Every structure is written in C-alpha cells, then in structure tokens.
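Predicted model and sequence follow; I will ask about them next.
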Amino acid sequence: MTYIVFFTIVLLIVLLGVFLSIESSKKKAEQLKKQIFTDRQNQANTHFKEQISQYVEAKILRPKHSQNLNAVASNFFVVQAHNEDNLTVLEATLENLTSSLNTELAKTNITGDKETIANNILTFINELPRSARDYNNTFYTQILPALIVSLQTPDLSFEETAEDDEQVEETADKE
C-alpha cells in the first residue's frame with residue numbers, strides 16, 4: 001500500500017513538472033510571437049521614417065511636416081487591434097505611400113520641378129487627421145489610398161523626356 005501511495009505521489013510530481021514545462025514553453029512561444037510582431041512593426045515604421053528623412057534632406061519637405069507624415073505610421077495601432085492582418089495592412093500602406101513618394105521624387109529629378117511635389121505633399125499633409133483617434137480602419141482602408149493617389153502627378157511621356165534631354169543638350173552646347 002505504501003508503494004502505491006509513493007508511486008502515485010511521484011507520478012503526480014512528474015505530471016506537475018511536465019505541465020509546468022509545457023506552460024513555460026507556451027509562454028515563451030507567445031513572447032517570441034509578440035516580439036516578432038513588434039519587430040515587424042518597428043521595421044516598417046523605421047523604414048518609412050528613413051524615407052521621410054530623405055525628403056527633408058532633399059528639401060522637398062520641411063522638418064515640421066515630417067512629423068505629420070510620420071503620424072501615418074505611428075498612429076496605426078492607436079484604435080486598431082494588434083493582429084497579423086492589421087500589421088499586413090500597415091506594411092502594405094506604408095510601402096504604397098513610400099513607393100508613390102519615390103516615384104514622384106524620381107519624376108522631380110527628371111523634370112527639376114520640386115515645387116509640384118512639395119505642393120502635393122503639403123496638400124496631402126493638410127488632409128491628414130489631426131487627432132490620433134481619427135487614424136482608424138476607415139482612414140487606412142478608404143481615405144488614405146485616395147490621398148496617396150492625389151499625390152501622384154501625370155506620368156512623363158517619352159516625348160516630354162526627349163524634349164527635356166534636348167534642352168539639357170542645348171544648354172550644355174551653349175556653355
């Protein structure tokens with residue numbers, strides 16, 4: 001009888017140890033998942049902020065306006081749930097905005113017209129919400145994509161590019 005009680009107690013201790021080990025593994029996995037999520041979010045925000053700082057350095061954007069653009073990334077999770085779907089939306093939105101800005105910057109480098117992109121960015125910034133609570137799902141899925149489209153200028157045609165090249169060549173020949 002004492003052997004049965006002894007083995008039962010040992011078995012219960014082993015089961016308790018296994019249970020605690022499993023729970024510890026689950027907590028570690030959950031923490032790792034949260035860390036990966038946070039790293040992805042920070043990476044997307046950092047990449048976006050680096051792009052914005054390039055526009056400030058190129059004097060297309062004033063430093064005071066860069067904070068307004070950075071709010072697009074910073075305020076994403078203010079009223080939205082922290083989940084994979086929303087993180088994917090954040091990454092796609094920031095990539096879309098960055099891509100549009102880079103395209104416009106490339107057009108500016110070709111045409112030399114920095115004023116147009118600066119005005120478009122300023123208009124874009126003026127349309128952004130002032131309150132962090134207004135950066136909600138509706139803003140990111142409906143309003144922001146329309147604002148991003150408003151940033152875009154008409155594409156350069158081959159003829160315009162050829163004319164610009166000819167003007168550059170003529171200027172070089174005169175000098």
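It's in.

which residues of this structure score low on pLDDT?
156-175 (pLDDT under 70).

State the separation between the longest helix anywhere in the chain and the centre of the chain it belongs to.
Assignment by DSSP state H gives helix 2-57 as the longest helix of the chain. How far helix 2-57 lies from its chain's middle: 25 Å, per Cα atoms, centre = their mean, to the nearest Å.

Stretch 120-127 now?
That offset, for stretch 120-127, works out to 18 Å (Cα atoms, centre = their mean).

what's the answer for stretch 40-60, then?
Distance, centroid of stretch 40-60 to centroid of chain: 9 Å (Cα atoms, centre = their mean).

Would you mark the buried spots in that stretch?
41, 44-45, 48-49, 51-52, 55, 60 (16 or more other Cβ atoms under 10 Å). All C-beta spots, glycine's among them, are computed from the backbone N, C-alpha and C.

Then stretch 113-126?
In stretch 113-126, counting by 16+ other Cβ under 10 Å, buried: 117-118, 120-121, 124-125.

follow-up on the earlier one: helices and strands around the longest helix of the chain, which ones?
For helix 2-57, the elements it packs on are helix 63-74, helix 84-111, judged by 3 or more Cβ pairs under 8 Å, 6 or more residues apart in numbering; DSSP states H and E.

Quick check: which helices or strands does the last one pack against?
When you say that, I think you mean helix 84-111. In terms of contacts (3+ Cβ pairs under 8 Å, 6+ apart), helix 84-111 is packed against helix 2-57, helix 63-74, helix 114-127, helix 144-151, helix 158-174.

now the residue lying closest to residue 136 once chain neighbours are set aside, what's its secondary structure?
In space, and not counting its chain neighbours, residue 136 is closest to residue 79: 4.9 Å by Cβ to Cβ, 6 or more residues apart in numbering. At residue 79 the chain is in coil, as set by DSSP: H, G, I helix; E, B strand; the rest coil.
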